[in-house]
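Asker: Show me how the following folds:
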Amino acid sequence: MKKKFILMTATMLTLAALSGCGSDKASEDSNEASTETSTEASAEASTQDAAQNAETKTVLDYDLDKLVKLGDYTGLDIEAAKTEVTDENVESSLKSAYSANPLMRDVTDRAVENGDTVDIDFEGKYADTLEAFEGGTSEHYSLVIGSGSFIDGFEDGLIGVKIGDTVDLNLTFPENYQAENLAGKDVIFTVKLNGIKTAEEEPSDEWVESLGLEDAKTLDEYREHLRKELEEDAEEEYKAFVMNAAVEAAVNNATVDEVPEELFNRYNNVVNTSVNNYIQQLYYTYGVQTTVDDYISSLMQSNGISGTVQDYLNDIVTQQTKRSMIVQAIANKEGIEVTEQEVDDQIRTYYDSYYSQMYSTFEEFKATLDTEDYRETILTDKVAEFLVEKDNVVEPQ
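Answerer: Residues are numbered from 1 along each chain as shown. Prediction:
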């Protein structure tokens, strides 16, 4: 559970500025945006392509002494308070952990009831041809009855079924179902019930034992385990807040006389990429289809921000560009550097953790990246650590 501190990069700054403004209204507007015309989508794509093709440079390409005027960046007062972990926090964490992974018991003396977890085999067929459709067959599928994971009628149709029984469920897919070959289709699901499990209502020593933790074999020991994790998280969050606050204080005391166009273009690409990735994540996670313009417009509207989407994005890009220039200027003045080995080590961490199966070699993976992003992240981290050592962290008044 322990979190690793990473200072805000352009991507994180963008998502903080955007996703932090979310609301139900934004979600509604985003769903409405799914009806956009292909002309609008093409125009937006053309604008993005033009931005991606613009000439770019990095902060290392400029003499920042001529562009940045540093103010006081050490000896500043940084207000920060540590979060105290209470018994209520521990119990809430315990409840959440148990809810996500409860102790399950086999049920053999009754039929399926709402809330049960069932083990089923099923095959889905078109009702008119009895031909099995793609993606409609599975064995030993674990399903929580009442979860709404399947189309209407599937889970309710299993209530009252006994272990070993096979039933045919005559159902109809919704007209707006995302798979066009199934939308509005009458189908038959042949389902065999292999087993029933139900969750124990409360956590117990037996449940803790099943977790296989070295430092917790009883419920009381697990509470102490959770308290320790929560305290470690609170400490990491405190450090992250202080480091970000130290950087922001230094940035606020500095001025940037000029934002070079090629440098702006670089962060414009980064910000637009991060926003597009976020839009894709909304679709993959929640099924929300929207465009960058429509999504940001809804966020601006829900937060009372006037102006155009492009002006809003330009302001975010400008802020990030200035921030990076100031951080680099501080690093230059204090002799803070990032080695190529440090960049490689950071990239290798991501490669080993997430991408080793997708790329045959580390070098192949590295070639797909903008390594300057990693260098800037590491540099910002180093500058933040330097600033915190020189600043005064005080309790809020």
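Asker: Can you pull the phi and psi angles for the nearest residue to Ser147 once chain neighbours are set aside?
Answerer: Nearest in space to Ser147, with sequence neighbours left out and distances taken as C-beta to C-beta, 6 or more residues apart in numbering, is Glu155 at 7.1 Å. (Each C-beta comes from the backbone N, C-alpha and C, glycine too.) Phi and psi for Glu155, reported as degrees, to the nearest 10, are phi -70, psi -40.
Asker: Hmm, Glu155 is touching Val161, no?
Answerer: No. With contact defined as C-beta atoms under 8 Å, Glu155 does not reach Val161; the gap is 10.9 Å.
Asker: And the helices in the stretch 201-350 of the chain, which stretches?
Answerer: Remark: helices assigned in the stretch 201-350 of the chain by DSSP state H, counting those that start in this stretch are 205-211, 219-252, 261-286, 292-302, 309-334, 340-350.
Asker: among those, which is nearest Pro174?
Answerer: helix 261-286 (16.9 Å; C-beta to C-beta).
Asker: tell me the mean pLDDT for the closest one?
Answerer: Mean pLDDT, computed over helix 261-286, is 90.
Asker: Remind me what it packs against, helices and strands.
Answerer: Judged by 3 or more C-beta pairs under 8 Å, 6 or more residues apart in numbering; DSSP states H and E, the packing partners of helix 261-286 are helix 10-19, helix 38-52, helix 292-302, helix 309-334.
Asker: let's see 10 Å
Answerer: Applying 3 or more C-beta pairs under 10 Å, 6 or more residues apart in numbering; DSSP states H and E, we find helix 261-286 packed against helix 10-19, helix 24-32, helix 38-52, helix 292-302, helix 309-334, helix 371-390.
Asker: and it with helix 309-334, angle?
Answerer: 120 degrees (axes from the mean of the first three to the mean of the last three C-alpha atoms, to 10 degrees).
Asker: Report the contact partners of the residue nearest to Ala97 when sequence neighbours are not counted.
Answerer: Leaving aside its sequence neighbours, Ala97 sits nearest to Leu226 (C-beta to C-beta, 6+ apart; 7.3 Å). By C-beta atoms under 10 Å, 6 or more residues apart in numbering, the residues touching Leu226 are 1, 85, 89-94, 96-97, 216.
Asker: thinking again about what came up before, between the helices of the stretch 201-350 of the chain, which gets nearest to Thr380?
Answerer: Shortest distance between Thr380 and those, using C-beta to C-beta, is found for helix 309-334: 5.3 Å.
Asker: mean confidence score for the closest one?
Answerer: On average, helix 309-334 scores 95.
Asker: Please spell out which residues along that helix are buried.
Answerer: By neighbour count with 16 or more other C-beta atoms under 10 Å, helix 309-334 contains the buried residues 309, 312-313, 316-317, 319-332.
Asker: Give me the angle between it and helix 371-390.
Answerer: Interaxial angle of helix 309-334 relative to helix 371-390 (the same axes, to 10 degrees): 60 degrees.
Asker: mind checking how far helix 309-334 is from the chain centre?
Answerer: Chain-centre distance of helix 309-334: 24 Å, with C-alpha atoms, centre = their mean, to the nearest Å.
Asker: Tell me which other helices or strands it touches.
Answerer: By 3+ C-beta pairs under 10 Å, 6+ apart, helix 309-334 packs against helix 10-19, helix 38-52, strand 68-69, helix 219-252, strand 255-256, helix 261-286, helix 292-302, helix 371-390.
Asker: which residues of the stretch 51-200 of the chain fall in strands?
Answerer: 68-69, 77-79, 104-107, 117-126, 132-144, 166-172, 186-199 (DSSP state E, counting those that start in this stretch).
Asker: Of all those strands, which one is nearest Asp257?
Answerer: Asp257 lies closest, by C-beta to C-beta, to one member of the strands of the stretch 51-200 of the chain: strand 68-69, at 6.9 Å.
Asker: Rounded mean pLDDT for the closest one, please.
Answerer: 98.
Asker: Please renumber the chain so that the first residue is 46 from this point on.
Answerer: Sure, I'll start numbering at 46, so the last one becomes strand 113-114.
Asker: Please work out which residues outside it touch it.
Answerer: Under C-beta under 10 Å, 6+ apart, the answer for strand 113-114 is 104, 107, 298-303, 367, 370-375, 377-378.
Asker: export the helices of the stretch 246-395 of the chain to JSON lines and tack on distance to Ile241?
Answerer: Shown next, in JSON lines, are the helices of the stretch 246-395 of the chain (distance: least, C-beta to C-beta, whole Å):
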{"stretch": "helix 250-256", "distance to Ile241": "19"}
{"stretch": "helix 264-297", "distance to Ile241": "26"}
{"stretch": "helix 306-331", "distance to Ile241": "30"}
{"stretch": "helix 337-347", "distance to Ile241": "43"}
{"stretch": "helix 354-379", "distance to Ile241": "52"}
{"stretch": "helix 385-395", "distance to Ile241": "42"}
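Asker: And those helices: which comes nearest Ala429?
Answerer: Across the helices of the stretch 246-395 of the chain, closest to Ala429 is helix 264-297 (C-beta to C-beta), at 3.9 Å.
Asker: between the closest one and helix 416-435, how many degrees?
Answerer: Going by the same axes, to 10 degrees, helix 264-297 makes 100 degrees with helix 416-435.
Asker: From the chain's centroid, how far away is helix 264-297?
Answerer: With C-alpha atoms, centre = their mean, you get 19 Å for helix 264-297.
Asker: can you check stretch 316-334 too?
Answerer: Centroid separation for stretch 316-334 versus its chain: 10 Å, with C-alpha atoms, centre = their mean.
Asker: CA-only coordinates of that stretch in CSV, if you can.
Answerer: Extracted C-alpha coordinates of stretch 316-334, given in CSV (Å, rounded to 0.1, in the frame of the first residue of the first chain):
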residue,chain,number,x,y,z
VAL,A,316,-0.5,18.2,-22.3
ASN,A,317,-2.6,17.3,-25.3
THR,A,318,-1.4,13.7,-25.2
SER,A,319,-2.2,13.4,-21.5
VAL,A,320,-5.7,14.8,-22.0
ASN,A,321,-6.3,12.4,-24.9
ASN,A,322,-5.1,9.5,-22.9
TYR,A,323,-7.4,10.5,-20.1
ILE,A,324,-10.4,10.7,-22.5
GLN,A,325,-9.5,7.2,-23.7
GLN,A,326,-9.4,5.9,-20.1
LEU,A,327,-12.9,7.4,-19.5
TYR,A,328,-14.2,5.3,-22.4
TYR,A,329,-12.4,2.1,-21.5
THR,A,330,-13.3,2.4,-17.8
TYR,A,331,-16.8,3.9,-17.8
GLY,A,332,-17.9,3.7,-21.5
VAL,A,333,-18.1,7.5,-21.8
GLN,A,334,-17.5,8.7,-25.3
